[in-house]
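> Predicted coordinates and the sequence they were generated for:
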Amino acid sequence: MSAADPRIVDVNTSPELPADFETARAEAERLTADIERYRTAYYSEATSLVSDAEYDELFHRLEAIEREFPELVGQDSPTQEVGAAVVSAGFPEHEHAERMLSLDNVFSLDEFREWAEKARAAAGREVRWLSELKIDGLAISLAYRNGVLETATTRGDGRVGEDITENVRFIPVIPARLDAGAPGGAAIPEFFEARGEVFLASTDFAALNARQRQLQAEFAAEQTAKGVPEDRIPVRYPDFANARNTAAGSLRQRAEKKNERELELMRDRLGRLSLYVHGIGAWQHPDFENQSDAYRMLAEWGLPVSPHSRVFDSVDEVVGFIEDRGEHRHDVEHEIDGIVVKIDELELHAELGQTSRAPRWAIAYKYPPEEVHTELLDIRIGIGRTGRATPYAVMAPVHVAGSTVSQATLHNQEVVRAKGVLIGDTVVLRKAGDVIPEVLGAVVERRDGSEREWRMPSECPECGAALRPMKEGDIDLRCPNARACPAQVRGRVEHIGSRGALDIEVLGEITAAALTQPETPSTPPLETEAGLFELTLEQLVPIEVIVRDPETGERKTDPETGEFVRRAPFQRIVVGYPPEAKGLTAAERRKAGFRKDHRTLLPSKDAETFLAELERAKSKPLWRLIVSLNIRHVGPVAARALADWFGSLEAIRAATPGELAEVEGVGGIIAESLREWFEVDWHREIVDRWAAAGVQWETPGHPGPGAAVAEGGVLAGLTVVATGSLDGFTRDGAKEAIIRAGGKAASSVSKKTDFVAAGPGAGSKLAKAEDLGIPVLDAAQFAVLVTVGPSGLDLDTAP
Ligand SMILES: NC(=O)c1ccc[n+]([C@@H]2O[C@H](COP(=O)([O-])OP(=O)(O)OC[C@H]3O[C@@H](n4cnc5c(N)ncnc54)[C@H](O)[C@@H]3O)[C@@H](O)[C@H]2O)c1
């Protein structure tokens, strides 16, 4: 999807400004009406009808138009105002002793440098820059009289806000009474206002959502007990989508009309809120020179101050801070949407002054957005190689955190319910850097009734089998048709080619699909992976696939012909004279009317590479072959352990679950999974057909299960257990040293054990060795054992 897609919001490119006054006025009116609607919802209902980036874009567009046509700037333009006037939620109104302002924004480092240069020029001297994290929360003003919290007020329109003191009393970090501090410290003034940001720390936000899920589960259990069918139980406690709006909503809850239980929940939410002070308002006789000094004083009196603020002497250092914090945006305990840079010297605040909405001595540098709004077009099901059915969101493509996103996993049907999203909803999508995109929830207020509920399908979308949980109580549903479901075969074949398995060049997602679900021929060359090593050039060449859009997964059509775009990954077409013209001279060909229009299908380079890679794969290390069998829980680590110990697939198959579980790195779950896998006929068919095609299911020269690799080594015939951390050896290193010396490296102590090497952290194995009277060695003795053998040990001095 190109960046020119109208649905993709790009805050960095704005169209040209209107050319004449009338057009400009009409657009400014439209923008004002939209901004008005959005900010009322945002400040009064804690709801984001559009994303912050979209809001900022509208705001900037209006600012740009007003700059071009200054006659348009009216008193009530949003560009001249702070926040929004209070839309009463029933809280008393309260007038700030000193106005609360907003901040001007910049969106690039160049813009920031330009602003800093201007501010310095206006100051007429070098200044110090107080650089702070811009907390994504909501501003409040705390008025203290004689050290006691008198009022806590929202910002409102900057002059008058809502008195939310009663709610703020439940926020544990906000002191009701200040602490006079250490003797000799600054005296608390009779009256002052501290400004700060209320926010929900990321861990508290996660905990609050966990609580919502728990409440929903309890509610669902009650409903079930009343006989309400599962799919009719409403979502009473949906996930909260956004920490800032949740904090704002929590703070503006009304206690009236709430029953005991609701009050308890309300207080629980308030109790999770935090605050950092980031400014001062009215203050009688300040006896400090810098804003940073004020912070130190407020902290002494017990008000929470952000630990992340820094003071710099140069703009370059500030830029470094902005860049560094931008890279570590998520290492902070709360959400940040930018950096606020302020001149530290209070004297200059007075000198530079303020506009109608923001101080001239501070600026907010905003980071690119990580949350955007987009439309949820559909919810579909993906079937993975293990048959797991995973719902995923298909969205109108949207640009966020450096890439275009149109799909996001929704994990399972419970998650879809908890998020409370409907198809057709405007949803909040979050993508932070390289992190996987996540749908946070719906913008419920934007619903128009056309949205529809999604239900988890009961059948596999690829093969029609009835989906079911693997075992009772599982939330995940699976397609049980493991052998024939095209999605599962495709997934397994792709896995075989992956780097952690057989690492076969060419065998990726597209080839896997081409081999299992081609357009032509209608019978796929592979019914299951059993036929992989039997593939021939003749089978590969005719394969055609329909090209899909990598973002939407939709089949691509040719805009001219209207037909699906096809690709033949394994073909090369050579155009020449027909075979009948062979041996004729040019004149004879002309005379006979032969033309150069005969097409011959030949294998492409990929086809040849693929077959050569398959050939090579047949003798790859046994552990890679084991990984490529797609056995549940058997990844590279377990496969290596199995291959090292047993040396052949046959030995693994013949081992009892007990013997399997004894191998270090294997354990009971994997042992059981292996046993189940080998019981299935078509699994054994894979092994047999691959073997018939030349796959080597054993490690050449391996002497057999658990036996010494190095015949006749100093530990031949001896079993050694290494436990705890042995100085000079890694865990695997110790095991390898035993095997290299010809011994058997066992993972549990029994009567058959000859030596136990134990380092710090050794637990029950050491105790057992002592019980059984088996010699226990320290790291130094172990080193002697594996190099010289038991004859080098002086066992009387063993610990
Ligand atoms: N999505 C929407 O519908 C919608 C609507 C309205 C506003 N908004 C968001 O709100 C912004 C405008 O709100 P605004 O006027 O509060 O401006 P702002 O958020 O751009 O900046 C001013 C505010 O930053 C806060 N802040 C956080 N950390 C601070 C610090 N260390 N020092 C000083 N202040 C700090 C204060 O609350 C201050 O009032 C928009 O840019 C947008 O992101 C969104």
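Received, thanks.
> ok, the residue in the stretch 451-600 of the chain that the ligand sits nearest to - contacts?
Residue nearest to the ligand within the stretch 451-600 of the chain (Cβ to the nearest ligand atom): Glu451, separated by 19.9 Å. Just so you know, the C-beta spots here come from the backbone N, C-alpha and C atoms, and that holds for glycine as well. Shown in contact with Glu451 (Cβ atoms under 8 Å, 6 or more residues apart in numbering): 422-425.
> How is Ile686 assigned, secondary-structure-wise?
Under DSSP: H, G, I helix; E, B strand; the rest coil, Ile686 falls in the helix class.
> helices and strands around the helix or strand of the chain with the lowest mean pLDDT, which ones?
Least confident helix or strand, the chain: helix 731-740 with a mean of 79, by mean pLDDT, DSSP states H and E. Under the contact definition 3 or more Cβ pairs under 8 Å, 6 or more residues apart in numbering; DSSP states H and E, helix 731-740 sits against strand 719-723, strand 744-746, helix 779-787.
> now with 6 Å?
Using 3 or more Cβ pairs under 6 Å, 6 or more residues apart in numbering; DSSP states H and E, the elements in contact with helix 731-740 are strand 744-746.
> now the stretch 501-650 of the chain, which segments are flagged as low pLDDT?
551-552 (pLDDT under 70).
> ok, which stretches of it are strands?
Ranges of strands in the stretch 501-650 of the chain, per DSSP state E, counting those that start in this stretch, are 545-546, 566-567, 571-576, 598-603.
> what's next to the first one, contact-wise?
It stands for strand 545-546. 514, 518-519, 555, 564, 566-567 (Cβ atoms under 6 Å, 6 or more residues apart in numbering).
> Out of these, which comes closest to Asn481?
Among the contacts of strand 545-546, Pro518 lies closest to Asn481 (Cβ to Cβ), at 19.8 Å.
> that older thread, which one of the strands of the stretch 501-650 of the chain has the most crowded surroundings?
Of the strands of the stretch 501-650 of the chain, the one with the most neighbours on average (mean count of other Cβ atoms under 10 Å) is strand 545-546, at a mean of 19.
> out of the contacts of strand 545-546, who has the most neighbours?
Within the contacts of strand 545-546, most neighbours by other Cβ atoms under 10 Å means Ala514, with 24 neighbours.
> Does it touch Ile543 like I think?
Yes: counting by Cβ atoms under 6 Å, Ala514 does reach Ile543; the two are 5.2 Å apart.
> what's the helix or strand for the nearest residue to Ala651 once chain neighbours are set aside?
Closest residue to Ala651 apart from its sequence neighbours, by Cβ to Cβ, 6 or more residues apart in numbering: Pro705 at 4.9 Å. Pro705 is part of no helix or strand, with elements assigned from DSSP states H and E.
> before we move on, the earlier item: quick check: which of the strands of the stretch 501-650 of the chain is nearest to Glu218?
The closest of the strands of the stretch 501-650 of the chain to Glu218 is strand 545-546. By Cβ to Cβ, the value is 48.5 Å.
> Work out the gap between that closest one and the centre of the chain.
How far strand 545-546 lies from its chain's middle: 31 Å, per Cα atoms, centre = their mean, to the nearest Å.
> Note down every partner strand of that strand and its orientation.
Here strand 545-546 is paired, per DSSP bridges, with strand 566-567 (antiparallel).
> so Asn209 touches Asp239, yeah?
Yes: counting by Cβ under 6 Å, Asp239 is a contact partner of Asn209 at 5.1 Å.
> what does the stretch 51-200 of the chain have sitting close to the ligand?
For the stretch 51-200 of the chain, the residues in contact with the ligand (Cβ under 6 Å from any ligand atom) are 51-52, 55-56, 83, 102-103, 105, 132, 134-135, 139, 155, 197.
> one more time with 8 Å
For the stretch 51-200 of the chain, the residues in contact with the ligand (Cβ under 8 Å from any ligand atom) are 51-56, 59, 82-84, 100-103, 105, 132-139, 155, 195, 197.
> Among those, which lie within helices?
In helices, defined here by DSSP state H, the members of these are 52-56, 59.
> pLDDT below threshold where in this protein?
For the chain (pLDDT under 70), the answer is 1-14, 88, 181-182, 551-552, 707-712, 796-799.
> Can you give the domain ranges for it?
Listed domain ranges for the chain are 21-80, 93-198+269-366, 371-455, 482-569+604-615, 618-692, 719-797 (source: automatic domain parsing).
> any chance of these in TSV, with distance to Glu230 too?
TSV is the format used below for those (distance: least, Cβ to Cβ, whole Å):
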stretch	distance to Glu230
domain 21-80	30
domain 93-198+269-366	28
domain 371-455	10
domain 482-569+604-615	26
domain 618-692	28
domain 719-797	45
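> For Arg213, which of these is the nearest?
domain 371-455 (6.0 Å).
> Report the spatially nearest residue to Arg120, omitting neighbours in sequence.
For Arg120, the closest residue by Cβ to Cβ, 6+ apart turns out to be Val127, at 5.8 Å.
> Tabulate the strands of the stretch 501-650 of the chain in JSON lines, adding columns for distance to Arg455.
JSON lines is the format used below for the strands of the stretch 501-650 of the chain (distance: least, Cβ to Cβ, whole Å):
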{"stretch": "strand 545-546", "distance to Arg455": "29"}
{"stretch": "strand 566-567", "distance to Arg455": "35"}
{"stretch": "strand 571-576", "distance to Arg455": "43"}
{"stretch": "strand 598-603", "distance to Arg455": "46"}
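> Great, nothing more from me.
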